[in-house]
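**Student:** Sharing a sequence plus its predicted fold:
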Amino acid sequence: MFSSDRLRALDAVAVHGSLARAAAALHITPSGVSQQLAKLEREAGHKLLEPQGRGVRLTHAGRVLAAHAARVVAQLNAAESDLAGLGDEILGPLRLGGVGSSLRSLLPDVLATLTEAHPRLRPTVVDGEAADMVPLLLTGELDLLLIESWHSRPMPLPEGVRVRTLAREEVQVALQDRHPLAGRDTLDLAELADAVWSSCPVGTEPYEALVQALRARGVEPQVRYTLTEYATQLAFVARGVTAALVPEMAQTPCPPGVRFLSARPPLTREVRAAWRTGGDSPSVRACLAALTAEDREGGPSRLAE
């Protein structure tokens with residue numbers, strides 16, 4: 001019978017693509033992962049890994065067993081969540097992740113409220129792109145995410161992820177205040193056919209949403225600046241170097257010299273809480289409740305459940 005720890009090691013390598021990243025995710029050393037996989041190979045009677053350059057890759061047998069391992073790990077995570085749900089005490093780790101603008105706008109007050117009410121709760125937070133963090137949610141390395149879904153490019157989510165919409169907000173065009181169109185209240189993106197754009201890195205939701213929104217107006221985008229932080233994008237806009245699409249939550253802090261204009265047709269972004277099916281522990285439920293309560297106190301763009 002295969003050890004669950006060894007199956008977890010194989011699943012981590014399959015998900016993360018290397019022994020080092022798998023080890024970091026499992027909080028053990030790379031040699032520890034190698035030892036687990038060597039034992040699993042003996043148990044399986046098949047070679048599971050083979051060299052690839054300076055790293056490794058799964059063999060055909062490794063991929064077959066990894067598919068089973070993924071299901072076993074998901075079931076074990078669900079069992080752990082069910083056991084955690086047997087008690088109502090809110091304590092221990094709560095591992096959160098999300099896109100920076102939503103974390104900055106929604107999370108500080110929520111965490112202050114939660115940790116004051118539940119002193120034994122130990123939240124941790126990482127920021128990043130949803131595409132990178134959803135796999136960590138599925139493997140149980142994160143408990144709850146704040147993700148974004150743009151109207152012009154709804155975010156696809158895999159099976160096993162539940163979501164709740166927390167806020168819907170306008171996405172506006174940011175231009176230097178000396179731009180010829182900056183005096184307008186609204187504009188059609190087709191009017192910016194010659195504009196140079198900045199956006200988040202290729203493959204992220206904001207980047208793909210920008211591309212889709214412009215192409216829908218018959219414009220092939222010139223995205224010459226890929227910048228992770230909206231604050232940096234706005235600094236470029238203020239100097240007249242680029243235009244940018246910026247959600248309301250990301251419009252502060254903003255340097256002098258930037259004007260925000262509504263797009264025609266309107267562009268919107270939803271901020272959603274996402275968690276693993278079966279992963280709604282008491283701590284996750286408490287955080288969701290606090291986020292929903294915070295939304296009820298917010299402006300008109302915020303949504304109650």
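**Tutor:** Right, received. Where do you want to start?

**Student:** residue boundaries of the helices in this protein?
**Tutor:** For the chain, the helices defined by DSSP state H cover 4-16, 19-26, 30-44, 60-84, 100-117, 130-138, 205-216, 230-238, 282-296.

**Student:** by contact count, what packs against the first one?
**Tutor:** Meaning helix 4-16. helix 19-26, helix 30-44, strand 55-58, helix 60-84 (3 or more Cβ pairs under 8 Å, 6 or more residues apart in numbering; DSSP states H and E). No exception for glycine: its C-beta is placed from N, CA and C like everyone else's.

**Student:** what's in contact with it?
**Tutor:** Identification of contacts with helix 4-16 by Cβ atoms under 8 Å, 6 or more residues apart in numbering yields 19, 21-26, 33, 36-37, 39-40, 43, 48-49, 56, 58, 62-63, 65-66, 68-70, 72-73, 76, 135, 139.

**Student:** how about a cut-off of 6 Å?
**Tutor:** 22, 25-26, 33, 36-37, 39-40, 66, 69-70, 72-73, 135, 139 (Cβ atoms under 6 Å, 6 or more residues apart in numbering).

**Student:** Any of those buried? List them.
**Tutor:** 22, 25-26, 33, 36-37, 40, 66, 69-70, 73, 139 (16 or more other Cβ atoms under 10 Å).

**Student:** For Ala117, state which of those is nearest.
**Tutor:** Here the nearest of the buried ones among the contacts of helix 4-16 to Ala117, counting by Cβ to Cβ, is Thr139; it sits at 29.0 Å.

**Student:** Now do the contacts for that closest one.
**Tutor:** Thr139 touches Val15, counting by Cβ under 6 Å, 6+ apart.

**Student:** roughly how far apart are Thr252 and Thr228?
**Tutor:** The gap separating Thr252 from Thr228 is 17 Å, by Cβ to Cβ, to the nearest Å.

**Student:** Could you check which of those two is surrounded by more residues?
**Tutor:** With neighbours defined as other Cβ atoms under 10 Å, Thr252 and Thr228 compare such that Thr228 has more, 15 against 12.

**Student:** Contacts only, for the more buried one.
**Tutor:** Per Cβ under 6 Å, 6+ apart, neighbours of Thr228: none.

**Student:** mind checking which of the helices of the chain is nearest Val196?
**Tutor:** Smallest distance to Val196 across the helices of the chain (Cβ to Cβ): 9.3 Å, for helix 230-238.

**Student:** circling back to that earlier point, save the helices of the chain as JSON lines, and put in distance to Ser198 and mean pLDDT too.
**Tutor:** What follows is the helices of the chain, written out as JSON lines (distance: least, Cβ to Cβ, whole Å; pLDDT from 0 to 100):
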{"stretch": "helix 4-16", "distance to Ser198": "30", "mean pLDDT": "89"}
{"stretch": "helix 19-26", "distance to Ser198": "30", "mean pLDDT": "87"}
{"stretch": "helix 30-44", "distance to Ser198": "38", "mean pLDDT": "90"}
{"stretch": "helix 60-84", "distance to Ser198": "38", "mean pLDDT": "83"}
{"stretch": "helix 100-117", "distance to Ser198": "15", "mean pLDDT": "93"}
{"stretch": "helix 130-138", "distance to Ser198": "19", "mean pLDDT": "90"}
{"stretch": "helix 205-216", "distance to Ser198": "9", "mean pLDDT": "95"}
{"stretch": "helix 230-238", "distance to Ser198": "4", "mean pLDDT": "97"}
{"stretch": "helix 282-296", "distance to Ser198": "29", "mean pLDDT": "83"}
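
**Student:** Same question for stretch 6-22: list its buried residues.
**Tutor:** Of the residues in stretch 6-22, 6-16, 18-19, 21-22 count as buried by neighbour count, 16+ other Cβ under 10 Å.

**Student:** Next: stretch 148-157.
**Tutor:** Using 16+ other Cβ under 10 Å as the test for burial, stretch 148-157 gives 148-153, 155, 157.

**Student:** hmm, which two among those residues are most spread apart?
**Tutor:** Comparing all pairs in the buried residues of stretch 148-157 by Cβ to Cβ, the longest separation belongs to Ser152 and Leu157, at 17.1 Å.

**Student:** sorry, back to before: could I get the helices of the chain in JSON lines, plus columns for distance to Ile90?
**Tutor:** Listed next are these as JSON lines, based on distance: least, Cβ to Cβ, whole Å:
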{"stretch": "helix 4-16", "distance to Ile90": "26"}
{"stretch": "helix 19-26", "distance to Ile90": "25"}
{"stretch": "helix 30-44", "distance to Ile90": "32"}
{"stretch": "helix 60-84", "distance to Ile90": "10"}
{"stretch": "helix 100-117", "distance to Ile90": "8"}
{"stretch": "helix 130-138", "distance to Ile90": "20"}
{"stretch": "helix 205-216", "distance to Ile90": "31"}
{"stretch": "helix 230-238", "distance to Ile90": "33"}
{"stretch": "helix 282-296", "distance to Ile90": "5"}
